[in-house]
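**Q** Whatever this is, show me its structure:
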Amino acid sequence: MALIIRRSLQLFAGIAALAFLAAGAMMMAYVLLAPGLPSVEEVRNVELQVPLRIYTADGDLIDEFGEMRRTPVSLERVPQTLRQAFIAAEDQRFYEHPGVDYQGIVRAVWYLVRTGEKGPGGSTITMQLARNLFLTSERTYLRKVKEILLALRIERELEKEKILELYLNKIYLGQRAYGVKAAAEVYYDAPLTSLTLAQQAMIAGLPKAPSASNPIANPERALARRAYVLGRMLETKFIDATEYELAMATPITAERHRREPNFSAPFVAEMARAWMVERYGAQAAYTRGYRVYTTISSAHQKTARQALRAGLHGYDERHGYRGAIDTIEPSQWRDNREGLTDKLDEYATAGDLEVAMVEALGERSASLISAAGDSVALDWSGIRWARPQLGRNAMGPLPEQSADILAVGDVVYIRPVDDGWRLAQVPEPEAALVAIAPDDGRILALSGGFDFNRSKFNRVTQAERQPGSSFKPLIYSAALADGFSPATLVNDAPVVFPDVSLEDVWRPENYSGQVFGPTRLREALTFSRNLVSIRVLRRVGISAAIRHIERFGMPSDQLPRNLSLALGSADITPMQLARAYAVFANGGYRIDPYLISRVEDIDELVDYRAWPHRAIEASEIAPAPIASEGPRRPAYRPAERAISEQNAWLMQSMLSDVVERGTARSVRQLGRDDLAGKTGTTNDQKDAWFSGFSEGLVTTAWMGFDELQSLGRYETGGRAALPIWMNFMGKVLRGVPESDWNRPEGLVTVRIDPVTGERVSGDSEGVIFETFREDNLPPVAPETRERSDDGASGGAPQPIF
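**A** Sure, this is the predicted structure:
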């Protein structure tokens with residue numbers, strides 16, 4: 001008995017000595033390591049890495065950026081059973097220990113001594129949080145000591161609920177999902193409150209090996225971990241036997257889900273991302289959970305994408321069919337449909353196109369198998385356009401039957417249309433569309449190309465191209481400011497200028513090759529007479545015209561200092577042209593297009609709010625109310641006036657004639673009287689433009705090749721770009737009441753002779769009405785002067801420039 005007592009005392013003394021040594025070692029470690037550990041403030045103010053998210057003005061998600069997919073959630077919004085599942089699996093004594101579970105450590109050490117293997121129970125939730133927040137993943141005793149010390153500090157500074165909340169938001173759970181809310185979205189595409197017990201246990205089993213044991217990467221190991229979690233929950237009485245059995249019998253339902261945007265606007269997302277990185281830096285932009293709300297209208301953006309693609313498909317069909325992508329021999333797919341769909345998946349897609357293979361042909365129909373394995377029927381209306389392309393301006397004969405176009409085994413592109421499917425191909429040219437609000441410049445829709453994945457080049461903001469005749473309104477506005485009127489006569493006759501750069505002469509022509517003699521300014525713009533525009537610019541003066549055009553926001557270094565400027569030889573972007581046309585639409589003010597409306601931080605507090613210029617006089621801006629924290633700035637700043645309101649109204653009127661009876665008269669098909677705009681076509685049809693507006697919306701459409709080459713014969717702005725504009729405007733303005741251009745004071749409408757541009761009396765034949773500035777009325781016609789009561793001449797005859 002004495003021997004037993006003596007050995008027990010020796011054992012106790014040994015354990016006490018070891019404990020004393022361990023305590024001393026921990027104290028020494030604390031003294032040495034504590035200065036290098038995170039401070040109390042760092043612990044209290046820990047920030048979770050949350051991705052950047054981009055939204056439309058309507059709150060629809062466009063895209064998100066960041067390596068870590070995380071959506072923070074407060075603890076009270078985490079189901080009780082999910083919390084219990086993590087506690088049961090990772091730290092049963094979480095609410096009892098001070099951050100370090102000494103009992104668990106003793107058990108782990110004893111297990112190590114007995115088996116030589118690392119045992120469970122050594123790491124608490126708080127220690128895991130410490131490691132995930134502040135430490136590296138290296139497996140060393142030094143890191144373990146730091147982990148213990150940091151866990152103790154965290155427990156001293158934070159409540160248990162806060163620790164658990166941080167842990168459930170921080171922990172990595174596989175498939176780029178950080179935190180339980182992201183895991184629920186990734187694996188089950190469901191909110192936390194909709195998860196079943198089996199799904200909760202599956203997520204709670206992931207921290208041990210999130211990459212290797214998640215249900216996507218390794219379903220069998222994930223199922224074993226789920227069973228372990230459910231068993232622990234049963235042991236700890238978090239669930240009863242019935243719940244346990246039911247959850248154990250539930251099959252795996254996890255799939256890989258991606259948080260899809262409500263619609264595709266990748267060019268917008270990239271612009272917003274770049275703006276955030278420039279403003280906040282990459283690290284902060286991608287990790288601090290900023291929410292960026294753009295000015296984009298969801299409805300406008302969807303319509304813009306559809307209109308742009310439809311316009312490109314329309315162009316492509318006008319130029320013929322280039323043939324199948326590939327042909328697969330029937331022996332390779334007749335008895336292997338699954339292998340066929342795998343093969344079809346290998347072909348690249350673009351835009352709204354899908355890949356399919358011709359399975360059978362009718363006389364004027366075709367049956368296809370899509371890459372998704374679906375059967376697709378093409379009728380003759382979706383095939384008959386496909387004349388063989390022989391060149392940019394040449395096509396073969398019209399097909400008479402399906403076999404003239406397709407063969408069994410052909411791999412082709414198809415696209416969805418309203419009444420089914422249509423044979424298609426990847427368009428060769430590109431296009432761009434931008435729509436802005438003229439009152440303050442907010443961008444409502446922007447599509448920079450057919451497919452962002454094919455080309456990330458944003459043609460709205462990056463493609464500097466010659467606008468052709470769509471630039472002429474800026475020249476005509478300069479002429480109005482210089483004393484011209486819509487009735488001023490300008491000679492539409494041949495001109496020849498020396499061209500030093502070509503060591504030759506420049507002989508510009510009208511598009512038609514014809515000349516029309518003395519022409520009123522309104523008519524010249526309506527029918528886009530090149531020779532008149534050149535004479536107008538020469539009369540105004542190149543330097544004076546450039547100064548005027550700069551007021552529209554055009555940088556002078558983009559404007560050539562020669563007469564070719566009259567024909568749109570400047571290199572500008574669609575965004576710059578839309579901004580310029582906004583001056584006409586809003587009554588003469590220069591606005592600044594902007595995309596970012598506001599930025600909210602992770603706590604939904606506004607960190608940035610746009611302060612746009614508005615087309616309004618300073619006196620009309622209401623003063624901001626006084627807030628509790630002091631005066632607040634007004635929502636808008638007054639925009640600078642670029643041209644007079646009379647100039648703007650006259651340009652609206654003249655551009656309305658372009659769409660009423662000029663080069664854009666097909667706009668009449670929209671059945672509205674409040675639209676105005678101008679076509680643009682450059683030499684050899686390398687660029688096709690249309691820029692136009694209603695009172696509340698300015699839209700510019702462009703089509704062309706990225707590498708300068710001709711779109712083909714007759715592919716003018718009115719044929720290539722205008723259909724995109726009409727498709728877009730027709731849909732977004734549907735149901736919007738027509739507006740009347742607000743006519744400013746200082747204008748007067750009189751009768752004139754359409755041939756001479758002079759004022760005439762009411763009983764003259766063939767007179768028309770024209771509007772002028774009150775201080776710039778045309779001279780009175782000779783016969784009217786002769787009938788003047790006071791014998792005054794009424795002014796000199798109208799000059800011809």
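**Q** I figured residue 639 hits residue 589, correct?
**A** Yes. Here residue 639 reaches residue 589: they are 4.0 Å apart, a contact under C-beta atoms under 8 Å. Heads up, the C-betas are built off the backbone N, CA and C, glycines and all.
**Q** Which of the three states applies to the most centrally placed residue in the chain?
**A** Closest residue to the average C-alpha location of the chain: residue 268 at 2.1 Å, with C-alpha atoms, centre = their mean. Following DSSP: H, G, I helix; E, B strand; the rest coil, residue 268 is assigned to helix.
**Q** separation between it and residue 300?
**A** Applying C-beta to C-beta, to the nearest Å, the value for residue 268 to residue 300 is 11 Å.
**Q** again with residue 237
**A** For residue 237 relative to residue 300 (C-beta to C-beta), the value is 57 Å.
**Q** which one of the two has more residues nearby?
**A** residue 300 (21 against 9; other C-beta atoms under 10 Å).
**Q** Am I right that that one is in a helix?
**A** Yes. Counting by three-state DSSP, residue 300 is part of a helix.
**Q** Please name the nearest non-neighbouring residue to it.
**A** residue 445 (3.9 Å; C-beta to C-beta, 6 or more residues apart in numbering).
**Q** ok, the one you found touching residue 301?
**A** Yes. Contact criterion C-beta under 8 Å: residue 445 and residue 301 qualify, at 4.8 Å.
**Q** Could you list which residues are in contact with residue 383?
**A** Applying C-beta atoms under 8 Å, 6 or more residues apart in numbering, we find residue 383 in contact with 364-366, 399, 402, 405-406, 423.
**Q** Please list the outside residues in contact with stretch 703-711.
**A** So stretch 703-711 is in contact with 311-312, 315, 392, 428-431, 455, 457, 459, 463, 465, 684-688, 715, 720-721, 724, going by C-beta under 8 Å, 6+ apart.
**Q** Mind listing what's buried along that stretch?
**A** Applying a neighbour-count criterion of 16 or more other C-beta atoms under 10 Å, the buried positions in stretch 703-711 are 703-704, 710-711.
**Q** and it, how far apart are its ends?
**A** 9 Å (C-alpha to C-alpha, to the nearest Å).
**Q** Report the rounded mean pLDDT for that stretch.
**A** The predicted model assigns stretch 703-711 a mean pLDDT of 96.
**Q** Same question for stretch 372-379.
**A** If you average the pLDDT over stretch 372-379, you get 93.
**Q** centre of the chain versus that stretch, how much separation?
**A** Stretch 372-379 sits 31 Å away from the centroid of its parent chain (C-alpha atoms, centre = their mean, to the nearest Å).
**Q** what about dumping the CA coordinates of that stretch to PDB?
**A** Provided in PDB are the C-alpha atoms of stretch 372-379 (Å, rounded to 0.1, in the frame of the first residue of the first chain):
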ATOM      1  CA  ALA A 372     -27.400  20.300 -75.000                       C
ATOM      2  CA  GLY A 373     -28.900  17.200 -76.600                       C
ATOM      3  CA  ASP A 374     -32.200  18.800 -77.600                       C
ATOM      4  CA  SER A 375     -33.900  18.300 -80.900                       C
ATOM      5  CA  VAL A 376     -34.200  21.500 -82.900                       C
ATOM      6  CA  ALA A 377     -36.400  22.100 -86.000                       C
ATOM      7  CA  LEU A 378     -35.400  24.600 -88.700                       C
ATOM      8  CA  ASP A 379     -38.200  25.600 -91.100                       C
END
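**Q** So which bits of that stretch are buried?
**A** 376, 378-379.
**Q** I'd like those as CSV, with distance to residue 676 appended.
**A** Formatted as CSV, the buried residues of stretch 372-379 follow (distance: C-beta to C-beta, whole Å):
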residue, distance to residue 676
376, 43
378, 40
379, 40
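**Q** Kindly indicate which of the residues you listed lies nearest residue 64.
**A** Nearest to residue 64 among these, counting by C-beta to C-beta, is residue 376 at 33.0 Å.
**Q** Show me the strands in the stretch 301-450 of the chain, by range?
**A** In the stretch 301-450 of the chain, strands defined by DSSP state E, counting those that start in this stretch lie at 326-327, 354-362, 365-370, 375-379, 389-391, 394-395, 410-417, 420-424, 430-436, 443-447, listed in chain order.
**Q** Those strands: which one's closest to residue 225?
**A** Nearest of those (C-beta to C-beta): strand 365-370, 38.0 Å.
**Q** By neighbour count, which of the contacts of residue 383 wins?
**A** Of the contacts of residue 383, with other C-beta under 10 Å as the count, residue 366 tops at 28 neighbours.
**Q** looking at it, that residue is touching residue 378, isn't it?
**A** Yes. With contact defined as C-beta under 8 Å, residue 366 reaches residue 378; the gap is 4.4 Å.
**Q** Give the full set of residues in contact with residue 258.
**A** By C-beta under 8 Å, 6+ apart, the contact set of residue 258 is residue 186.
**Q** so which helix or strand takes in it?
**A** Taking DSSP states H and E as the definition, residue 258 sits outside all helices and strands.
**Q** hey, C-alpha coordinates of stretch 180-197 in PDB?
**A** Only the C-alpha atoms of stretch 180-197 are listed here, as PDB (Å, rounded to 0.1, in the frame of the first residue of the first chain):
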ATOM      1  CA  VAL A 180     -22.000  29.400 -44.600                       C
ATOM      2  CA  LYS A 181     -24.200  31.700 -46.800                       C
ATOM      3  CA  ALA A 182     -21.900  31.400 -49.800                       C
ATOM      4  CA  ALA A 183     -21.700  27.700 -49.300                       C
ATOM      5  CA  ALA A 184     -25.500  27.400 -49.300                       C
ATOM      6  CA  GLU A 185     -25.600  29.300 -52.600                       C
ATOM      7  CA  VAL A 186     -22.700  27.400 -54.200                       C
ATOM      8  CA  TYR A 187     -23.900  23.900 -53.300                       C
ATOM      9  CA  TYR A 188     -27.600  24.200 -53.000                       C
ATOM     10  CA  ASP A 189     -28.500  27.600 -54.600                       C
ATOM     11  CA  ALA A 190     -30.700  28.300 -51.600                       C
ATOM     12  CA  PRO A 191     -30.900  30.700 -48.600                       C
ATOM     13  CA  LEU A 192     -29.700  29.400 -45.200                       C
ATOM     14  CA  THR A 193     -33.300  29.200 -43.900                       C
ATOM     15  CA  SER A 194     -34.200  26.700 -46.700                       C
ATOM     16  CA  LEU A 195     -31.500  24.200 -46.000                       C
ATOM     17  CA  THR A 196     -32.500  20.800 -44.700                       C
ATOM     18  CA  LEU A 197     -30.800  19.100 -41.800                       C
END
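**Q** Give me the neighbour count for residue 337.
**A** That count, for residue 337 with other C-beta under 10 Å as the rule, works out to 12.
**Q** With residue 357 as the reference, measure out to it.
**A** 10 Å.
**Q** ok, now residue 702?
**A** 35 Å.
**Q** cool, and residue 170?
**A** Applying C-beta to C-beta to residue 170 and residue 357 gives a distance of 48 Å.
**Q** from memory residue 187 sits against residue 210, does it?
**A** No. Residue 187 lies out of contact with residue 210 (C-beta under 8 Å); the separation is 11.3 Å.
**Q** out of these two, which sits in the more crowded spot?
**A** Per other C-beta under 10 Å, whichever of residue 187 and residue 210 has more neighbours is residue 187, with 27 against 18.
**Q** one step back: check contacts around the residue nearest to residue 300.
**A** Neighbours of residue 445 in contact, by C-beta under 8 Å, 6+ apart: 296-297, 300-301, 303-304, 433-435, 699, 728, 732.
**Q** Could you do residue 558 as well?
**A** Contacts of residue 558 by C-beta under 8 Å, 6+ apart are 464, 570-572, 576.
**Q** want to try a markdown table for those, with pLDDT as columns?
**A** Putting the contacts of residue 558 into a markdown table (pLDDT from 0 to 100) gives the following:
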| residue | pLDDT |
| --- | --- |
| 464 | 97 |
| 570 | 97 |
| 571 | 97 |
| 572 | 98 |
| 576 | 99 |
